[in-house]
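S.K.: Whatever this is, show me its structure:
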Amino acid sequence: MKQEVRKMKRYSNEIRLIVREKLKTTEYVKSYITQTEKDIEDVTNLRQKYRNKLRNCKEDNLIEEYKEKRSECITTLNKYRKNLKKANYILEDIPKVKEVIRIEIQMKRLEKLGIIKVKQKNKNLIR
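M.R.: From the prediction side, this is the model:
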């Protein structure tokens, strides 16, 4: 049961990313991944610059400023990494979802033809 809950959370996070970033096709997802990787590299370089400045700095007010900017870079990096992970999960899950959709469509066709009878729950249960 816990595993299924984790899957649901993973799928809902993927859907939120798809909606937020307007990812319509796998090409959009792949381009989003490459762009995110570039952004991660840029922020990592910026963070390294602040670390270098911090190492050589002697003034207290500048030290605090560099520490703040460095921590902002770390927060941004964490956000990018989480989104990158979600985007990679999307690419990983696409074949599985397509297979499930194909099976569902096939079951509906067979049900229409009367080959398979589906049990329906009685919604008018006495409470």
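
S.K.: okay, CA-based contacts and neighbour counts for the rest of this
M.R.: Noted.

S.K.: pLDDT weak spots in the chain?
M.R.: Residue ranges of the chain with pLDDT under 70: 116-127.

S.K.: hey, where'd the helices end up in it?
M.R.: For the chain, helices defined by DSSP state H occupy the ranges 2-21, 26-56, 60-113.

S.K.: could you redo the ones you listed as JSON lines and give each row mean neighbour count?
M.R.: Below are these laid out as JSON lines (neighbours: other Cα atoms under 10 Å):
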{"stretch": "helix 2-21", "mean neighbour count": "13"}
{"stretch": "helix 26-56", "mean neighbour count": "15"}
{"stretch": "helix 60-113", "mean neighbour count": "14"}
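
S.K.: May I have the distance across stretch 12-32, first residue to last?
M.R.: End-to-end distance of stretch 12-32 (Cα to Cα, to the nearest Å): 18 Å.

S.K.: can you list the residues that contact it?
M.R.: Outside stretch 12-32, the residues that touch it by Cα atoms under 8 Å, 6 or more residues apart in numbering are 83, 86-87, 89-91.
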